[in-house]
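Engineer: whatever this is, show me its structure:
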Amino acid sequence: MEDVKQAIHDFRPQLKESSLKQYIFQLKKIQNMFEEMDFEFLEHPEPVYEMVSTQGGHYTSQKNLYSAIVMYLKSLNHDGQFDGCIQVYETYRNDLRDQYNEEQDTGVITDKQSKNFITMEELTGFIQKMKKDIKGSPQLHMVYVMFSILSRHPLRNDLAGMIYLTQKAYSKLTDEQKVERNYLVSTEGGFILLDADHKTSKTHGTIKIPIDKDTDLAKILRTYLRVMKYKGARGTVDIFPITANYMSQLLIKTSHKYIDKNISSTMIRKIVSSEKFLGAKEDQIEHANQLGHSVQTENQIYVKKAQQ
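Structural biologist: Numbering: from 1, shown residues only. The predicted structure is shown next:
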């Protein structure tokens, strides 16, 4: 797959390494479905569509497969020979994307998601239950800390491979190094979590999350660093030495064991956001209906803040 990886990299040199790995992962999946050594079968979209529809899993997984196929064919399309195929695969992908958007617009959780959706209170209870078992189990302790962070700051799987270092050591990094990894930086006031390598970093830049030294989360982090013998280590330390995919597996496996639910970082984002904003969203929908306009119109035209 190195030639495939290189082709995509040459076509999109600015593509994040995590995105590149995801495209390769999806292409391996489609290759395994067809049990082929090369990708010539991609030149025939209809059999691919039939295979993906029956073996590609949930429609969002199918969408990801088509996105990878489109990216790969575009990387080879120097003389336009794949224009027709690309257009067909883009249609397949876009139809699934539209289905996803329509589903999200309802504001109602899907049947599949509802099986694993829990309240914020239940999430907190599960984390506290896990806490009782972390002594003597480094991996469970790590998972407990990740859940503790995500329940307060629902990032994606960006904690995987996170580097712990002092503020002084961080200041010595080059600008390039600062955006290559994600960091937990110790400061006099506690910690700063710096999420530089994430899905929307090109749009939103580095996400900076201060963690005050007197908070429960800071205490959880200090204990973890001490128990794992990370605190005081020279240089930089990988405090969550796993891949993003394995992090997802650990979150799901652990939550399933304790509460028979598959709680991923994505599900935590839904749980936390719903807890914070669902009531306000429903109130705004009702208010907009009473005034005879949409929520979008209300936010664009009528919701204003005073000049400073």
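Engineer: distance from stretch 182-192 to the middle of the chain?
Structural biologist: 22 Å (CA atoms, centre = their mean, to the nearest Å).
Engineer: Leu27 against Ala68, yeah?
Structural biologist: Yes. Leu27 is in contact with Ala68 according to CB atoms under 8 Å; the separation is 5.1 Å. Just so you know, the C-beta spots here come from the backbone N, C-alpha and C atoms, and that holds for glycine as well.
Engineer: center of the protein - which residue?
Structural biologist: Arg156 (3.3 Å; CA atoms, centre = their mean).
Engineer: the closest residue to that residue other than its chain neighbours: neighbour count?
Structural biologist: Leaving aside its chain neighbours, Arg156 sits nearest to Ser265 (5.4 Å; criterion: CB to CB, 6 or more residues apart in numbering). Ser265: 21 surrounding residues under other CB atoms under 10 Å.
Engineer: how much space between Ser265 and Ile252?
Structural biologist: Distance of Ser265 to Ile252, computed by CB to CB, to the nearest Å: 10 Å.
Engineer: again with Gln290
Structural biologist: 42 Å.
Engineer: likewise Ala169?
Structural biologist: 33 Å.
Engineer: please, where are all the strands along this protein?
Structural biologist: 163-166, 183-187, 190-195, 207-212, 237-238 (DSSP state E).
Engineer: okay, those strands in CSV with distance to Val145, mean pLDDT and mean neighbour count next?
Structural biologist: Output for the strands of the chain, formatted as CSV (distance: least, CB to CB, whole Å; pLDDT from 0 to 100; neighbours: other CB atoms under 10 Å):
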stretch, distance to Val145, mean pLDDT, mean neighbour count
strand 163-166, 11, 94, 20
strand 183-187, 10, 95, 20
strand 190-195, 12, 96, 20
strand 207-212, 12, 96, 14
strand 237-238, 14, 92, 16
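Engineer: could I get the ones you listed as TSV with distance to Phe34?
Structural biologist: As requested, the strands of the chain are exported to TSV (distance: least, CB to CB, whole Å):
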stretch	distance to Phe34
strand 163-166	39
strand 183-187	41
strand 190-195	37
strand 207-212	39
strand 237-238	37
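Engineer: of the ones you listed, which approaches Pro45 most closely?
Structural biologist: Evaluated over those, closeness to Pro45 peaks at strand 190-195, with 37.6 Å, by CB to CB.
Engineer: restrict stretch 94-108 to CA atoms and write it as CSV.
Structural biologist: What follows is stretch 94-108 as a C-alpha-only set of coordinates in CSV (Å, rounded to 0.1, in the frame of the first residue of the first chain):
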residue,chain,number,x,y,z
ASN,A,94,-22.9,12.4,-1.8
ASP,A,95,-26.2,10.5,-1.6
LEU,A,96,-25.0,9.0,1.7
ARG,A,97,-23.8,12.4,2.9
ASP,A,98,-27.3,13.8,2.2
GLN,A,99,-28.9,10.9,4.1
TYR,A,100,-26.6,11.7,7.0
ASN,A,101,-27.4,15.4,7.0
GLU,A,102,-31.1,14.8,6.8
GLU,A,103,-30.9,12.5,9.7
GLN,A,104,-28.9,15.0,11.8
ASP,A,105,-31.4,17.8,10.9
THR,A,106,-34.2,16.0,12.7
GLY,A,107,-32.4,16.6,16.0
VAL,A,108,-33.5,13.1,17.1
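Engineer: check what contacts that stretch and list those residues.
Structural biologist: 59-60, 62-63, 66, 110, 281 (CB atoms under 8 Å, 6 or more residues apart in numbering).
Engineer: one more pass at 6 Å, please.
Structural biologist: 59, 62-63 (CB atoms under 6 Å, 6 or more residues apart in numbering).
Engineer: in the protein, which helix is the longest?
Structural biologist: The longest helix of the chain (DSSP state H) is helix 265-291.
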